[in-house]
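>>> Task: produce atomic coordinates for the following.
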Amino acid sequence: MAKWKKAGETWDMLQLALRLGERPRVCVTTTPGNVKVLRELLASPSTVQTYAPTEANRANLADSFLEEVRAR
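Take a look at the predicted model:
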């Protein structure tokens, strides 16, 4: 989300897809960024944040990638 061009406008349009159903939800993954729409989303009381280190996803990552990340 922090790298989206026109992030605010894109988020507004995405909300139209969440109008129906009993509990519409969206999952956003992003790197941190000083983007207005992201700050607003993080400040929302309905937002749930989770954090995990890269190692938590090791089963889905190439060994060479993990080696490179660890070396840095």
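>>> Counting neighbours, what do you get for residue 38?
Other residues near residue 38 number 20, with proximity taken as other Cβ atoms under 10 Å. No exception for glycine: its C-beta is placed from N, CA and C like everyone else's.
>>> try residue 54
11.
>>> could you pull out the helices for the chain?
Ranges of helices in the chain, per DSSP state H, are 7-16, 36-43, 63-71.
>>> Can you name every helix or strand that the last one contacts?
In terms of contacts (3 or more Cβ pairs under 8 Å, 6 or more residues apart in numbering; DSSP states H and E), helix 63-71 is not packed against any helix or strand.
>>> Centre of the chain to it, how far?
Mean-position distance between helix 63-71 and its chain equals 22 Å (Cα atoms, centre = their mean, to the nearest Å).
>>> Now that helix - C-alpha only, PDB.
Output in PDB follows, covering the C-alpha atoms of helix 63-71 (Å, rounded to 0.1, in the frame of the first residue of the first chain):
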ATOM      1  CA  ASP A  63      17.200 -20.700   0.800                       C
ATOM      2  CA  SER A  64      19.300 -18.300  -1.300                       C
ATOM      3  CA  PHE A  65      17.000 -15.400  -0.300                       C
ATOM      4  CA  LEU A  66      17.200 -16.300   3.400                       C
ATOM      5  CA  GLU A  67      21.000 -16.500   3.200                       C
ATOM      6  CA  GLU A  68      21.200 -13.100   1.500                       C
ATOM      7  CA  VAL A  69      18.900 -11.500   4.100                       C
ATOM      8  CA  ARG A  70      20.800 -13.100   7.000                       C
ATOM      9  CA  ALA A  71      24.100 -11.900   5.500                       C
END
